[in-house]
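K.L.:
sharing a model prediction with you, sequence too.
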Amino acid sequence: MSLSQREHDVLLCIADGLVEKEIANKLKLAQGTVHSYVTSMKSKMNALTRAHAVAIYYREYPKWEKTKRKNKE
């Protein structure tokens, strides 16, 4: 499972409790673009909701980071 850097950024904003409009302002993106990232991210993660995506991320985070580091080497 691999999220793009922007999907990762959006996911962390969601984890901080931000809504799409706030995420768009913070990341200097259009609100529709943020919505697209959220939809893509949820699909990649097989998450039903934004909260579910955050829960999956924090449960799987150590595994993803190890995979990410191995791919960079």
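P.N.:
In hand now; what should we look at? Numbers count the residues shown, from 1 in each chain.
K.L.:
show the contacting residues for Leu3.
P.N.:
Leu3 sits next to 11, 41, 44-45 when contact means CB atoms under 8 Å, 6 or more residues apart in numbering. For glycine as for every other residue, the C-beta is placed from the backbone atoms N, C-alpha and C.
K.L.:
ok, these vs Tyr57, which is closest?
P.N.:
Comparing these against Tyr57 with CB to CB picks out Leu11 as the nearest, at 5.8 Å.
K.L.:
check which helices and strands the host helix or strand of that closest one sits against.
P.N.:
Under the criterion of DSSP states H and E, Leu11 resides in helix 5-15. Helix 5-15 sits against helix 20-27, helix 31-45, helix 50-72, with contacts defined as 3 or more CB pairs under 8 Å, 6 or more residues apart in numbering; DSSP states H and E.
K.L.:
which other residues reach that helix?
P.N.:
3, 22-23, 26-27, 29, 34, 37-38, 40-41, 44, 50, 53-54, 57-58.
K.L.:
pull out the buried residues from those.
P.N.:
Neighbour counting by 16 or more other CB atoms under 10 Å classes 3, 23, 29, 34, 37-38, 41, 50, 53-54, 57 among these as buried.
K.L.:
just send those residues back as JSON lines, with pLDDT and distance to Ala15 too.
P.N.:
Shown next, in JSON lines, are the buried ones among the contacts of helix 5-15 (pLDDT from 0 to 100; distance: CB to CB, whole Å):
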{"residue": "Leu3", "pLDDT": "86", "distance to Ala15": "13"}
{"residue": "Ile23", "pLDDT": "97", "distance to Ala15": "11"}
{"residue": "Leu29", "pLDDT": "97", "distance to Ala15": "17"}
{"residue": "Val34", "pLDDT": "97", "distance to Ala15": "14"}
{"residue": "Tyr37", "pLDDT": "97", "distance to Ala15": "14"}
{"residue": "Val38", "pLDDT": "96", "distance to Ala15": "12"}
{"residue": "Met41", "pLDDT": "95", "distance to Ala15": "12"}
{"residue": "Arg50", "pLDDT": "95", "distance to Ala15": "9"}
{"residue": "Ala53", "pLDDT": "94", "distance to Ala15": "9"}
{"residue": "Val54", "pLDDT": "93", "distance to Ala15": "5"}
{"residue": "Tyr57", "pLDDT": "89", "distance to Ala15": "7"}
